[in-house]
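Visitor: Next come a sequence and a model predicted from it.
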Amino acid sequence: MHENFRIECRKSGGNLHIYPNGMLDGSSACQIMNLVNEKYNGKGRVFINTDQIKDALPFGTATLGFQIGESSIPRGRICFKGKNAFVMAPNGCEVIGKTKRDRCCWRGGKCARCIDPPVP
């Protein structure tokens, strides 16, 4: 885990809200899911706000996806929101905010088409 990574959480209206802050690597992804598994009571949804993720490393997003798959929480109850939501959310999880059409890929706009989009 990166030394400056931290997580805040709160419960509201039966939902669990997670606020990770820092770089998402493999260890911090595990820390997020450990907290979710500890705090989630099986009711409501889990909202992961990605606005304070400084850098979502590929291994971190892959680890998060694996940890979510291994969790007993249904993917449909885990929602990602914020500027890094499309980069971090694995298949089956909801993404709140911009639609998929705002970007052609899930790599944070780093593919050739996102960098140099075709002219209509």
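Guide: Looks like it arrived, so ask away.
Visitor: How about the contacts made by Ile18?
Guide: Ile18 makes contact with Ile7, Glu8, Cys9, Ile32, Leu35, Val36, Val46, Phe47, Ile48, Asn49 under the criterion CB atoms under 8 Å, 6 or more residues apart in numbering. Where you see a C-beta, it was placed from the backbone N, CA and C, and this is true even at glycine.
Visitor: Find the centremost residue of this protein, please.
Guide: Nearest residue to the geometric centre of the chain (CA atoms, centre = their mean): Met88, 4.0 Å.
Visitor: Who are the contact partners of it?
Guide: Residues in contact with Met88 (CB under 8 Å, 6+ apart) are Leu24, Ile48, Thr50, Ile53, Ala56, Thr61, Leu64, Phe80.
Visitor: ok, back up a step: give me the buried entries from the contacts of Ile18.
Guide: Neighbour-count burial (16 or more other CB atoms under 10 Å) is assigned, among these, to Ile7, Cys9, Ile32, Leu35, Val36, Val46, Phe47, Ile48, Asn49.
Visitor: Out of these, flag the one nearest to Val95.
Guide: Nearest to Val95 among the buried ones among the contacts of Ile18: Ile48, at 10.3 Å, using CB to CB.
Visitor: Adjacent strands (with direction) for the regular element (helix or strand) spanning that closest one?
Guide: Following DSSP states H and E, one finds Ile48 within strand 46-49. Here strand 46-49 has these sheet partners by DSSP bridges: strand 15-24 (parallel), strand 78-81 (parallel).
Visitor: can you tell which of those strands is closest to Gly69?
Guide: Across the strands paired with strand 46-49 (criterion: CB to CB), the nearest stretch is strand 78-81, sitting at 10.7 Å.
Visitor: Report pLDDT for the residue nearest to Met33 when sequence neighbours are not counted.
Guide: Leaving aside its chain neighbours, Met33 sits nearest to Gln67 (3.9 Å; criterion: CB to CB, 6 or more residues apart in numbering). At Gln67, the model reports a pLDDT of 95.
Visitor: Gln67 - how many residues pack around it?
Guide: If you count neighbours by other CB atoms under 10 Å, Gln67 ends up with 19.
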